[in-house]
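A.B. asks: task: produce atomic coordinates for the following.
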Amino acid sequence: MSNAPHILVIDDEPQILRAIRTILTEKQFRVTTASRGEEGLTVAAANQPDLIILDLGLPDMDGVEVCRRLREWTQTPIIILSVRDSERDKVAALDQGADDYLTKPFSIEELLARVRVALRHSARTQGTEAKVVKAGPLTIDLAWHIVKRGDEEVKLTATEYKLLAYLAANHGRVLTHQSILTHVWDPADADHTEYLRVYMRQLRKKLEADPERPQYILTEPGIGYRFIADE
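C.D. replies: Reported below is the predicted structural model:
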């Protein structure tokens, strides 16, 4: 297992640590655990893991602060663990650079799926970024700024394309309203979520077979959006 991805789990609940360690070890991942924020930061610096699973409710420091301090020196993907009613904390952690979140309790299948997505995204950012993103009948050529649905080119406005390109380039990741507004528009527009709703509705009409039941541009309620691409 020396070449297996190394995952650091930072959580203060012993049963959660045991369960995640067992699940990931069975899937041939190397797993290291920490039960406090400072310990997790130290272990991360010493071991350089390929992925970090981080609980927000740690006994010695807020998980958002752990995320912020990790992002000062590493781009290792971070998956947040959170209880169901801590939406504000999840948004804060995602805005500090976390890649994804899981709500407790979560299923084994969901955990493994999120882990695979995060590791794939990390591999892309470390190597050559994919220039073409495919999602069902959609093809998004990020180099040539061409979007097709099947064989037909989809005509997008400049803002629509910039929004879609940002989502597609970060496919699989949860992008918060604030991060999208800051990237696509301007930091001064970070609170204008009405912009986002209008443009998301327009994009879905042009790209989705059923805009009311989108398959590719998914809403993360109260948090932001996630673009789902092919494997």
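
A.B. asks: helix or strand with the lowest mean pLDDT in the protein?
C.D. replies: helix 108-126 (a mean of 82; mean pLDDT, DSSP states H and E).

A.B. asks: which secondary structure elements does that helix contact?
C.D. replies: helix 14-26, strand 51-55, strand 78-83, strand 100-104 (3 or more C-beta pairs under 8 Å, 6 or more residues apart in numbering; DSSP states H and E). Placement of C-beta: from N, CA and C, glycine included.

A.B. asks: any idea which of those is most buried?
C.D. replies: strand 51-55 (a mean of 25; mean count of other C-beta atoms under 10 Å).

A.B. asks: helices or strands up against the helix or strand that it is followed by?
C.D. replies: Downstream of strand 51-55, the next assigned helix or strand under DSSP states H and E is helix 63-70. For helix 63-70, the elements it packs on are helix 37-47, strand 51-55, strand 78-83, helix 87-95, judged by 3+ C-beta pairs under 8 Å, 6+ apart.

A.B. asks: quick one on the thing from earlier: columns distance to residue 229 on top of the helices and strands packed on helix 108-126, output as a markdown table?
C.D. replies: Converted to a markdown table, the helices and strands packed on helix 108-126 look like this (distance: least, C-beta to C-beta, whole Å):
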| stretch | distance to residue 229 |
| --- | --- |
| helix 14-26 | 24 |
| strand 51-55 | 19 |
| strand 78-83 | 18 |
| strand 100-104 | 14 |
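
A.B. asks: how about the ones you listed in JSON lines, adding distance to residue 199 and mean pLDDT?
C.D. replies: Output for the helices and strands packed on helix 108-126, formatted as JSON lines (distance: least, C-beta to C-beta, whole Å; pLDDT from 0 to 100):
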{"stretch": "helix 14-26", "distance to residue 199": "37", "mean pLDDT": "94"}
{"stretch": "strand 51-55", "distance to residue 199": "31", "mean pLDDT": "96"}
{"stretch": "strand 78-83", "distance to residue 199": "26", "mean pLDDT": "90"}
{"stretch": "strand 100-104", "distance to residue 199": "23", "mean pLDDT": "89"}
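
A.B. asks: thought residue 217 was touching residue 207?
C.D. replies: Yes. Using C-beta atoms under 8 Å, residue 217 is in contact with residue 207, at 7.0 Å.

A.B. asks: related to what we said a few turns ago, any idea which of the helices and strands packed on helix 108-126 gets closest to residue 147?
C.D. replies: Closest to residue 147 of the helices and strands packed on helix 108-126, according to C-beta to C-beta: strand 100-104, at 24.9 Å.

A.B. asks: tell me the angle that closest one makes with strand 51-55.
C.D. replies: With axes from the mean of the first three to the mean of the last three C-alpha atoms, to 10 degrees defining the directions, strand 100-104 sits at 40 degrees from strand 51-55.

A.B. asks: convert the C-alpha atoms of strand 100-104 to CSV, please.
C.D. replies: Output in CSV follows, covering the C-alpha atoms of strand 100-104 (Å, rounded to 0.1, in the frame of the first residue of the first chain):
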residue,chain,number,x,y,z
ASP,A,100,-16.6,19.5,-0.5
TYR,A,101,-18.6,18.6,2.5
LEU,A,102,-20.5,15.7,4.0
THR,A,103,-23.4,16.0,6.4
LYS,A,104,-23.4,13.6,9.4
